[in-house]
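>>> I'd like to go over a predicted model; first the sequence, then the structure.
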Amino acid sequence: MTTEPTELLLRDLGSCRGGLGEREAARRLALYGANVLPVSGGARWLVELGAQFTHPLALLLWLAAGLSFVTGNPALGWAIVGVIGVNALVAFAQERQAARAVQALAGYLPPSARVARDGVVRTVPVAEIVRGDVLHVGEGDRICADARLLDGELELDMSSLTGESVPVVRAARLPDVADRLIDAPTVVFSGTSCTSGQATAVVFATGSHTELGRIAALSQRGAGEESPLQRQVRRTAWLIAAVAIAIGVLFLPLGLLAGLSLRDAAVFAVGLLVANVPEGLLPTITLALAVGVRVLARSGALVKRLSAVETLGSTTVICTDKTGTITQNQMAVERLWAAGREFAGAEDASVAVALATVMADCNPLEASADPMERALLGFAEAVGVQPGQRIATFRFDSRRKRMSVVARHGSQVVVSVKGAPESVLPLCTSWWFGGDVTSALTPPDRQLVEDAVDAFAQRGLRVLALAERRGAVPSGAEDAEDAESRLCLLGLVALLDPPRPEVADAVAACHRAGIRVNVITGDHARTAAEIARQVGIRVDRVVTGPELDAMTDRELDSVLDRDGDMVFARSTPEGKLRLADALRHRGDVVAMTGDGVNDAPALRRADIGVAMGRSGTDVAREAATMVLTDDDFATIVTAVREGRRVWENLRKFVLYIFAHAVPEVVPFAVFALSAGAVPLPLTVLQILAIDLGTETLPALALGREGAEPDVMDRPPRSRGVHLITARLLGRAWLLMGTVSAVLAMALFFLVLTRAGWRPGDAVAAGHRLHAAYLQATTITFLAIVACQVGTAIAARTERAALRDIGLTSNRLLLAGIAFEIAFAAGVVLLPPLQRMLGTAAPPLYTVPLLLACPVLVWGVDEFYRAVARRRAADVPPPRDGRTGPVGRSALLPPRQRPEDWSTTR
Ligand SMILES: Nc1ncnc2c1ncn2[C@@H]1O[C@H](COP(=O)(O)OP(=O)(O)OP(=O)(O)O)[C@@H](O)[C@H]1O
């Protein structure tokens, strides 16, 4: 169909070059459906649910259940099977919720496309594109439907369809000779992206009818892939499983040797296994990351992978664009310069008109989106200058750093050029002195112009050189080089783009957090350095694009081996990629912004590629890990803070659920080591009631804890630091766990001995001491729950004192604790639950003792943290320059030429 002549195809599709009417488009949308690919769901949920029954921790529970059945304790066996089921369902629901959180991000930035409707080009959501729509495609756009080119020429990155990463040329004028549709040189496909050029194309297939739909190659939005953290935790879970089994295997014969019956020894082993399983560990981590994703989205940062949340927290350097990210991207013409004199705006009418003629002529056709072009066009309009009749356009690109337009003004053909002064000045042979007077541009004149550029840049202004050639029709309007030669410099225009007000605070926060801020910009070195200085970036060194190109890798490494911030000016996309590589090589975790098509490789190479939601291209957004909906530097810093918070909360949560393993294991160890002389102080079912009942909600609530006050006052954690460290385990097991175990056992023995028990006395049903024994196991259970309350409160902070964060600041945790207490009360007071779990109402005198338990656990940890804080305060801060006085500024004496700058330090 696509090889039909264009007009025939348009007729077949019921369309024309001016596009469909809005009403016709709406009718087709209702009739044929939205332009979306069906989400492959199907039986995947079954596989996911199945996986919850087979991960290492579930296997450990299966082992415990099997052991219970084999050793004649079927009730316990069934209870554990029930636990596995409930666990799997909860985990499954949590992971689904996490996946939904990531998928929902698509809704924040609905992809859009430009189409002609009723003859007017407008932006509509991609889902609303229908057959017959006429698409307008430009550099950086992602193609959203299969379409046949009507005019124009494009370079297309087809890698998503064909795997071929070299861009291919697609042009309306090419003959349609290909055998396969996918090779047709006049067709563009959904899922590919335009790396350069401009074209219009009529849509002939949407949604699942596109080639992409046919091969169903839609990549899932990263929800399925396992993050390094999840991998790490899974490995830890295996380790725990191995340790539990090893201890079980070791203790089982010991118990038998010590005189336990096989059944008792098995009860002991089962208890050990169950106590060691941190139920809910994996899904809760996934959920905490997903909640992080949602919080980030609300603050303007959309991350595409769960793992980005954890990586963000360890960012050590942010490499940011200047225009629009640090600055407001609201440009205004501030000063003009011509013939050696500076003018305020339109102060001199003839200068203003001459320069405005270039501004009016020399812009991309779709200029309205670029604030700089808008400012220049606005100025030209204010001065009353109309553009000429355009003949040819040589587009701006960040390598040439200039653009030009050939236009007819009456009988004259004029080439207008504007761009970075270093790029335009070498093309000029003369300069303008008003009216028809021009003069040759001698080396001293060039110096004068360069000095003027430097002076503007020093004030943080963006400077463009404006030049033209009048008269003879340029022979090669097809050739930029030919058109942009023998130019006459008309003058300079300096634009003001003030910094965003919130950036200074964000930069200061980065410095406190030990994060370096590098500016990588296409702009002039001095402009960039001045804007950087205005927002508090401590410019330690300025490197220009040509300097960077001239450096060897070793030289670049030594330049980067300093602690201050840097400015990379007049940079190229290749330079950006090289920097991302070099920084990662030296161990940095790099967040790097970018917006153009050429930035995509650097965005992919950085640890966190950050694309701009407003001004960025589809290609950059596709390559990035994080998209900023507000293009704001401060949002990156907010995201880093959120990443740190999520990471720390995971540690709090892990600390909390690991801490209770000790008081759960110790009763079994006492039972086994006393060879039954001490009755079992805690039953396996009671352990399950703790692990699955009382513990769950506070654990989840810890994942929602707010950031600690000093979360951004510490250096970033280094790459590869594990979530579960020896220090964390020490605090969980040796400190809180041991204190809890001692308290629980003390209360157990207290209740038992007060009832007249002596070691070796029988406590089985029917014996005198049985009622007291039930009360004693109940008190062990309650003491562990009470200690858990203390642990939960202590775990809320890793360093800070409780009074600094406030006892009531995490309402969710208070609710969780209330639930925990109510659940525990139910277990010991309600007769059906008493029968099921072997509990009895505890004696009244134990109530104040139970109340003291949380205070003691929390108190010991509070003391530990106070000592740790004092120790940290005694260690002198590292002399790394970040926390010391501001490094020597790179704002160098004004006479110095940009090329010399890097050699001055
Ligand atoms: N539309 C344009 N026409 C002519 N020259 C331009 C145009 N846009 C930018 N320039 C020149 O090219 C230089 C580099 O621009 P580029 O877009 O690569 O980076 P930038 O916008 O200055 O900075 P950043 O990388 O921080 O966004 C600018 O400083 C300016 O001198």
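Arrived safely, thanks for sending. Residues are numbered from 1 along each chain as shown.
>>> OK, contacts around the residue of the chain found nearest the ligand?
Nearest residue of the chain to the ligand, counting by Cβ to the nearest ligand atom: residue 522, 2.3 Å away. Where you see a C-beta, it was placed from the backbone N, CA and C, and this is true even at glycine. Shown in contact with residue 522 (Cβ atoms under 8 Å, 6 or more residues apart in numbering): 323, 398, 401, 420, 570-571.
>>> closest to residue 56 out of the residues you listed?
The closest of the contacts of residue 522 to residue 56 turns out to be residue 571 (Cβ to Cβ; 47.6 Å).
>>> and the closest one, how many neighbours does it have?
Other residues near residue 571 come to 25 when the count uses other Cβ atoms under 10 Å.
>>> now residue 764
When neighbours are counted by other Cβ under 10 Å, residue 764 registers 9.
>>> wasn't it part of a strand?
No. Under DSSP: H, G, I helix; E, B strand; the rest coil, residue 764 falls outside any strand and is assigned coil.
>>> setting aside sequence neighbours, what's the nearest residue to it?
If you skip the residues right next to it in sequence, residue 764 has residue 770 as its closest partner in space, 6.6 Å away by Cβ to Cβ, 6 or more residues apart in numbering.
>>> report how many residues lie close to that neighbour.
Using other Cβ under 10 Å, the number of residues around residue 770 comes to 15.
>>> need phi/psi at residue 591.
Main-chain torsions, residue 591, degrees, to the nearest 10: phi -100, psi 120.
>>> confidence score at it?
Listed pLDDT for residue 591 reads 94.
>>> that one reaches residue 635, doesn't it?
No. When contacts are counted by Cβ atoms under 8 Å, residue 591 is not listed as touching residue 635 (11.2 Å).
>>> out of these two, which sits in the more crowded spot?
The residue with more neighbours, out of residue 591 and residue 635, is residue 591; 27 against 22, by other Cβ under 10 Å.
>>> ok, residue 256 - contacts?
By Cβ under 8 Å, 6+ apart, the contact set of residue 256 is 262, 265.
>>> would it count as being in a helix?
Yes. Counting by three-state DSSP, residue 256 falls inside a helix.
>>> enumerate the residues of this protein near the ligand.
Counting by Cβ under 6 Å from any ligand atom, the residues of the chain close to the ligand are 321-323, 372-373, 396, 398, 401-403, 418-420, 462, 464, 521-523.
>>> among those, name the ones in strands.
Judged by DSSP state E, strands contain the following of the residues of the chain next to the ligand: 396, 402-403, 418-419, 462, 464.
>>> show me what residue 432 is bridged to.
On the basis of DSSP bridges, residue 432 is bridged to residue 438.
>>> list the contacts of it.
338-339, 354, 438, 488-491.
>>> and the residues you listed as a markdown table, adding pLDDT and secondary structure?
Shown next, in a markdown table, are the contacts of residue 432 (pLDDT from 0 to 100; DSSP: H, G, I helix; E, B strand; the rest coil):
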| residue | pLDDT | secondary structure |
| --- | --- | --- |
| 338 | 93 | strand |
| 339 | 88 | coil |
| 354 | 93 | helix |
| 438 | 88 | strand |
| 488 | 95 | strand |
| 489 | 96 | strand |
| 490 | 95 | strand |
| 491 | 95 | strand |
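>>> now neighbour count too, for the residues you listed, in JSON lines please.
Below are the contacts of residue 432 laid out as JSON lines (neighbours: other Cβ atoms under 10 Å):
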{"residue": "338", "neighbour count": "24"}
{"residue": "339", "neighbour count": "18"}
{"residue": "354", "neighbour count": "21"}
{"residue": "438", "neighbour count": "17"}
{"residue": "488", "neighbour count": "18"}
{"residue": "489", "neighbour count": "26"}
{"residue": "490", "neighbour count": "27"}
{"residue": "491", "neighbour count": "25"}
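>>> can I get these in TSV including distance to residue 100?
Below are the contacts of residue 432 laid out as TSV (distance: Cβ to Cβ, whole Å):
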residue	distance to residue 100
338	60
339	64
354	59
438	66
488	61
489	59
490	58
491	57
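>>> for the residue of the chain most remote from its centre, helix, strand, or coil?
Distance from the centre of the chain peaks at residue 768, with 63.8 Å (Cα atoms, centre = their mean). Three-state call for residue 768 (three-state DSSP): coil.
>>> with residue 714 instead?
Strictly by three-state DSSP, residue 714 counts as coil.
>>> which ones are touching it?
513-514.
>>> tell me the spacing between it and residue 708.
Between residue 714 and residue 708 the computed distance is 9 Å (Cβ to Cβ, to the nearest Å).
>>> do the same with residue 667
34 Å.
>>> residue 748 reaches residue 681, doesn't it?
Yes. Checked against Cβ under 8 Å, the pair residue 748 and residue 681 is within contact range at 4.5 Å.
>>> got phi/psi on residue 135?
With angles defined as degrees, to the nearest 10, residue 135 sits at phi -90, psi 140.
>>> kindly report the same for residue 339.
Per degrees, to the nearest 10, the backbone of residue 339 is at phi 50, psi 40.
>>> I'd say it and residue 490 touch.
No. Using Cβ under 8 Å, residue 339 is not in contact with residue 490; the gap is 9.3 Å.
>>> list residues touching both of these two?
Common contacts of residue 339 and residue 490, defined by Cβ under 8 Å, 6+ apart, comprise 431-432.
>>> export the contacts of residue 522 as TSV, with columns for pLDDT.
Converted to TSV, the contacts of residue 522 look like this (pLDDT from 0 to 100):
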residue	pLDDT
323	87
398	77
401	90
420	94
570	90
571	89
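>>> what pLDDT is listed against the residue of the chain closest to the ligand?
Looking at residue 522, its pLDDT stands at 89.
>>> wait, isn't residue 539 in contact with residue 531?
No. Under the criterion of Cβ under 8 Å, residue 539 makes no contact with residue 531, lying 10.0 Å away.
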